[in-house]
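**Q** how would this look folded up:
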Amino acid sequence: MKKAFSLLEMVLVVVLIGLLYVLFIPKKQINKLEEATNRISMYLSYARYQAFIDDKYSNEDLWHKKRWTMKFFRCRENEGGGIYFSIYSEKNDTGHPNQKESLKDPLTNKYIHSNNFCKENNENSKYALLSKNFDIEKVNISCNNTDSLGQISFENDGKVYSKLSHKADEAYEYEINTPCFIQLTSKKQEKKEIKIYPKTAFIE
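**A** Predicted structure coming up:
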């Protein structure tokens with residue numbers, strides 16, 4: 001069966017969205033919270049398209065752990081604290097993805113990745129550091145079923161999952177059946193939401 005999107009088509013879509021964002025939206029009219037919301041929405045769309053063209057199903061017991069995922073983490077308190085995220089398809093099943101498992105931003109060719117030291121470098125996208133670069137204080141995911149800040153995982157059929165079980169017989173557990181909201185709160189206590197729909201993974 002032919003995939004709905006080729007890799008080239010998917011990359012072109014994200015690049016065009018990014019260029020439109022850069023060229024036509026005046027930066028002085030966008031505060032950091034709005035920019036963070038726009039960036040996360042764009043990255044979620046990119047992860048969704050990646051899942052559409054990269055079916056992770058296999059005969060492995062824990063194949064579902066490889067679904068493309070955006071996950072939010074806390075930075076080390078002794079490094080100033082804060083929040084960051086990564087987008088990845090995990091191979092080592094640790095819950096803490098490494099750089100090579102992470103998706104690359106097609107606009108910058110940098111990994112959408114960080115670690116809990118939350119240091120900027122030349123290989124990783126600075127946009128993953130939500131607190132350091134966007135003054136984001138809190139992230140709340142309404143459908144969160146984890147003990148952490150939360151995650152969103154995409155299946156290639158459009159289904160969305162709020163957790164990836166460690167059990168082989170729970171590959172399809174934790175599918176969201178109602179819209180899931182990612183709420184970002186800034187240090188000024190301003191809030192913005194991203195809405196993710198079940199079944200289609202549509203993002204608004």
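**Q** sec struct for the residue nearest the centre of the chain, please.
**A** For the chain, Met70 is the residue whose C-alpha lies nearest the centre (C-alpha atoms, centre = their mean; 2.8 Å). Put simply, Met70 is strand when judged by DSSP: H, G, I helix; E, B strand; the rest coil.
**Q** check it and give its pLDDT.
**A** At Met70, the model reports a pLDDT of 98.
**Q** and what of Met1?
**A** Note on Met1: pLDDT of 45.
**Q** check the one 4 residues further on too.
**A** For Phe5, the pLDDT comes out at 53.
**Q** any low-confidence regions in the chain?
**A** 1-29, 95 (pLDDT under 70).
**Q** the strands in it, which residues?
**A** If DSSP state E is used as the criterion, the strands of the chain fall at 68-74, 83-88, 136-141, 151-154, 160-161, 180-186, 191-196.
**Q** export those strands to CSV and append columns for distance to Lys167.
**A** Any C-beta I mention is one placed from the backbone N, CA and C, and that applies to glycine too. Below are the strands of the chain laid out as CSV (distance: least, C-beta to C-beta, whole Å):
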stretch, distance to Lys167
strand 68-74, 17
strand 83-88, 21
strand 136-141, 22
strand 151-154, 15
strand 160-161, 14
strand 180-186, 22
strand 191-196, 24
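**Q** would you mind measuring from the nearest residue to Asn133 once chain neighbours are set aside to Glu137?
**A** Using C-beta to C-beta, 6 or more residues apart in numbering and skipping the chain neighbours, the partner closest in space to Asn133 is Lys126 (5.6 Å). Separation of Lys126 from Glu137 (C-beta to C-beta, to the nearest Å): 18 Å.
**Q** same question for Asp105.
**A** Asp105 is 24 Å from Glu137, by C-beta to C-beta.
**Q** what do you get for Ser114?
**A** Applying C-beta to C-beta to Ser114 and Glu137 gives a distance of 17 Å.
**Q** looking at these two, which is more packed in?
**A** Higher neighbour count among Ser114 and Glu137: Ser114, with 25 against 17, using other C-beta atoms under 10 Å.
**Q** chain center to stretch 125-140, what's the gap?
**A** With C-alpha atoms, centre = their mean, to the nearest Å as the basis, stretch 125-140 stands 12 Å off its chain's centre.
**Q** just the CA coordinates for it, please, in CSV.
**A** C-alpha atoms of stretch 125-140 as CSV (Å, rounded to 0.1, in the frame of the first residue of the first chain):
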residue,chain,number,x,y,z
SER,A,125,18.3,22.4,18.3
LYS,A,126,18.2,25.2,20.9
TYR,A,127,14.4,25.2,20.5
ALA,A,128,14.2,22.0,22.6
LEU,A,129,15.3,24.0,25.7
LEU,A,130,11.9,25.4,26.6
SER,A,131,12.8,27.1,29.9
LYS,A,132,16.2,28.5,28.8
ASN,A,133,15.1,29.9,25.5
PHE,A,134,11.4,30.6,25.9
ASP,A,135,10.9,31.2,29.7
ILE,A,136,8.5,28.2,30.0
GLU,A,137,7.9,27.4,33.6
LYS,A,138,5.3,24.5,33.3
VAL,A,139,4.1,21.9,30.8
ASN,A,140,0.9,20.1,31.5
